[in-house]
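pasting a predicted model and its sequence here:
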Amino acid sequence: MHFHHNGYISRDPRLEEAAGHGINRPDQLPETMDVLIVGSGPAGMIAAAQLSQFPTVNTRIIERRAGRLELGQADGIQARSVETFQAFRFAEEVIREAYHITETSFWKPDPTNPDHIIRTTRTADDPHNISEFPHLIINQARILDYFADFARNSPGKITPDYGIEFVGLEIEDGQDHPVKVTVRHTTGERYGEERTVRAKYVIGCDGARSGVRKAIGRTLSGDAANHAWGVMDVVVNTDFPDWRMKCAINSVKGSILHIPREGGHLARVYVDLGEVPLDDNHAVRSTPIEDIIDRANAIYHPYSIDVKHVAWHSVYEVGHRLTDHFDDVDTCDRGTRTPRVFITGDACHTHSAKAGQGMNVSMQDGFNIAWKLGHVLSGRAPETLLDTYSGERQEIAKNLIDFDKEWSTLMATKPEDLPSPEYLEEFYVKTAEFPAGFMTEYKPSLLTGSTEHQHLAEGFPVGKRFRSARVNRRENAYPRHLGHEAMADGRYRLYVFADAAHPASADSKVRALSDFLTQDATSPFVRYRAEGADFDALIEPVVVYQQNYTDFEVTDAPAAFRPLVGTYQLEYWENIYCTLPDEDIFDERQLSRDGVIVVVRPDQYVGAVLPLADHAALAAYFDGVLLSPEA
């Protein structure tokens, strides 16, 4: 962690000084604000956490509940989400607390006695080694707690305004705060009282029955599969030997997706309740918990579960629905006006729970729009940046729904109706990268460059998340995962992978790049940095040399990578790295030995791959996404 640059501190360095609207932040919801977030679920809380790093932006988050969530429905945490938690500085805590999925057991009818199930296969959870982060199970409520801590500890000091619900909104163009929002108090002395507040932008994170979505005229369209599942979080005594292992169970009595939970006892059990008649009118949702348990025992046979406690249960019908846009601008109006209202998560895409994607994709929605609003409202970026939210995230949601349709259908298919006995296991292994969250690939836009120079960094595909690898920090010979050092602070990252020249050599392309970055009027570090701001205030420069750490001094790195920071303008050396002898990042990520620049967006996705000497292309990328301070 980076601290002491403004003087010595002895408190927890994660507790940042209040700034901007975080100073003396009002306890009550004000009349006007820059951003109003509706709903404190995963998308809402990650948005609040990110925007709390932009203290000049007045952000409030309302929640109809009286207080924090105690029992969340979502619990699956994919590796991409843990990677995101690392940027918000709580991955280690979640990893320590959660249940770890390392394998999946597949159970099928015993060919010699089909009424009994037997274990047929075990598959590794990450068979392709696509991430250094684990696949976890933990109560959604705990994730919200960690985001709340980050938001409260950040300079914006954002905390939810509990006991306030969204009623409706209108957009009145020409106003400083054009979104007029009606809210209602749901608790306390002001219970039932309605009032009107105004915002520049609204983020709807209010679930599948979203009032924000309805207010902007968006509708969820799609289909239901007419198949119902019961789900229960239970504590049991059992002779089923894989109670503490993730399982996909197909029996002659139906299917179960079995997910152990944190704490050593609890498990979530998704129980196939079968086809639902078209005229059922959702009556299946009233299925008693006793019937769900009986159905589960029939599927587990010859094993059984003796349920001692039901923490939560529900019944849902599989549905796959999507809105055509994730904001309030129609296709015909795109580019003619700025979107003012955005929707995220279940408000704009719904699917089954069995792929473990709901919370994970929702968080990426919230992360995506929050940093963009932070940049626009703090004057760093043009409003056109906001148009990229719907374009990027709607396509990702469509891909998720297509995947979930196939997976949920396979889970409900009788073993004898599958193409082959091993088909389910093979599909699980073949598609592992998608549910882990690593198949997101943004198309070219003002944020995502072309693949013209992709051959220079094949391991960092443009539009996909920056896949970390280990390097050696030069100042103290401390091996670090390069991507893990980037905090969700709203900055871009400029990763410079050096050419083979010695860092001190006059022939070093990195040295020439440093001269451009620090001195040239077209440099994004010069053109877009506010007067008095630190050199790395908008873009964090990072260099990785090909040499061993003993082959050069940290002071051989040029000035751009030893920026002066903080009150005392201290040289900062921690972003000077070199390769590790047995884990050469140049080999592991197929990086050109002639050097290459990799630009990474604030949400950890690769924005551009450029030749090390193409200073003009680097300037052009940031010309499209940043604004001069005087603009």
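Thanks, I have it.

okay, and the helix or strand of the chain with the least pLDDT?
When the helices and strands of the chain are scored by mean pLDDT, DSSP states H and E, helix 423-430 comes last with a mean of 74.

show me what secondary structure element comes after it.
strand 470-473 (DSSP states H and E).

quick one: strands adjacent to that following strand?
strand 478-481 (antiparallel), strand 576-578 (antiparallel) (DSSP bridges).

in the stretch 251-400 of the chain, which ranges drop under the pLDDT threshold?
Applying pLDDT under 70 to the stretch 251-400 of the chain flags residues 318, 352-357.

coming back round to it: which one of the strands paired with strand 470-473 is the most hemmed in?
Compared across the strands paired with strand 470-473, strand 576-578 shows the largest average neighbour count, a mean of 26 (mean count of other C-beta atoms under 10 Å). For the C-beta atoms, the positions are set from N, CA and C on the backbone; glycine is no exception.

picking up where we left off before, dump the strands paired with strand 470-473 to TSV, plus distance to Gln604 and mean pLDDT.
Formatted as TSV, the strands paired with strand 470-473 follow (distance: least, C-beta to C-beta, whole Å; pLDDT from 0 to 100):
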stretch	distance to Gln604	mean pLDDT
strand 478-481	13	97
strand 576-578	18	98
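
ok, which of the ones you listed comes nearest Leu273?
Closest approach to Leu273 among the strands paired with strand 470-473 (C-beta to C-beta): strand 478-481, 43.5 Å.

how far off centre is the least confident helix or strand of the chain?
Taking C-alpha atoms, centre = their mean, to the nearest Å, one finds the center of helix 423-430 at 25 Å from the center of the full chain.

gap between stretch 158-169 and the chain center?
For stretch 158-169, the separation from the chain centroid amounts to 23 Å (computed by C-alpha atoms, centre = their mean).

mind checking which helix or strand Ser81 is in?
Ser81 belongs to helix 79-87, assigned by DSSP H and E.

please apply the same query to Ser362.
helix 358-377.

what does the least confident helix or strand of the chain contact?
Outside helix 423-430, the residues that touch it by C-beta atoms under 8 Å, 6 or more residues apart in numbering are 104, 106, 120-121, 123, 127, 248, 250, 406-407, 410-411, 418, 420.

drop anything exposed from these.
104, 106, 120-121, 123, 248, 250, 407, 410-411 (16 or more other C-beta atoms under 10 Å).

what is the nearest of the residues you listed to Ile77?
Thr104 (15.6 Å).

the closest one in helix, strand or coil?
Judged by DSSP: H, G, I helix; E, B strand; the rest coil, the three-state class of Thr104 is strand.

in contact with it, which residues?
Each residue near Thr104 by C-beta under 8 Å, 6+ apart is listed here: 122-123, 125, 245-248, 428.

can you pick out the most distant pair from those residues?
Among those, the pair separated by the greatest distance (C-beta to C-beta) is Met245 and Tyr428, at 14.1 Å.

okay, the angle between the helix holding Ser362 and helix 79-87?
Counting by axes from the mean of the first three to the mean of the last three C-alpha atoms, to 10 degrees, helix 358-377 lies at 40 degrees to helix 79-87.

what helices and strands are in contact with helix 358-377?
Judged by 3 or more C-beta pairs under 8 Å, 6 or more residues apart in numbering; DSSP states H and E, helix 358-377 is in contact with strand 32-38, helix 42-51, strand 76-77, helix 79-87, strand 194-204, helix 387-411.

quick one: the strands in the stretch 151-300 of the chain?
With DSSP state E, counting those that start in this stretch, the ranges of strands along the stretch 151-300 of the chain come out as 161-162, 164-171, 179-185, 194-204, 221-238, 246-251, 254-260, 267-275.

before we move on, back to that, name the stretch among the helices and strands packed on helix 358-377 that sits most buried.
With neighbours taken as mean count of other C-beta under 10 Å, these reach their highest mean count in helix 42-51, at a mean of 31.

show me the shaky parts of the protein.
72, 224-226, 318, 352-357, 428, 432, 435-436, 631.

so how far is Ser514 from the residue nearest the centre of it?
Of all residues in the chain, the one closest to the mean position by C-alpha atoms, centre = their mean is Gln364, 3.3 Å from it. For Gln364, the distance to Ser514 equals 34 Å [C-beta to C-beta, to the nearest Å].

now Gln78
Gln78 sits 38 Å away from Ser514, going by C-beta to C-beta.

same thing with Val231?
56 Å.

pick the one among the buried ones among the contacts of helix 423-430 closest to Ser450.
The closest of the buried ones among the contacts of helix 423-430, once distances to Ser450 are taken by C-beta to C-beta, is Trp407, at 32.9 Å.

burial count for the residue nearest to Gly188 when sequence neighbours are not counted?
The shortest distance from Gly188 to any non-neighbouring residue, by C-beta to C-beta, 6 or more residues apart in numbering, is to Gly163 (5.9 Å). Neighbourhood size, Gly163 [other C-beta atoms under 10 Å]: 18.

ok, Gly163 - contacts?
Counting by C-beta under 8 Å, 6+ apart, Gly163 makes contact with 63-66, 185-188.

repeat for Gly263
Taking C-beta under 8 Å, 6+ apart as the test, what Gly263 contacts is Tyr99.

mind running it again at 10 Å?
Counting by C-beta atoms under 10 Å, 6 or more residues apart in numbering, Gly263 makes contact with 97-99, 138-139, 235.

inside helices: which ones of those residues?
Within the contacts of Gly263, residues falling in helices by DSSP state H are Glu97.

fine, thanks again, bye for now.
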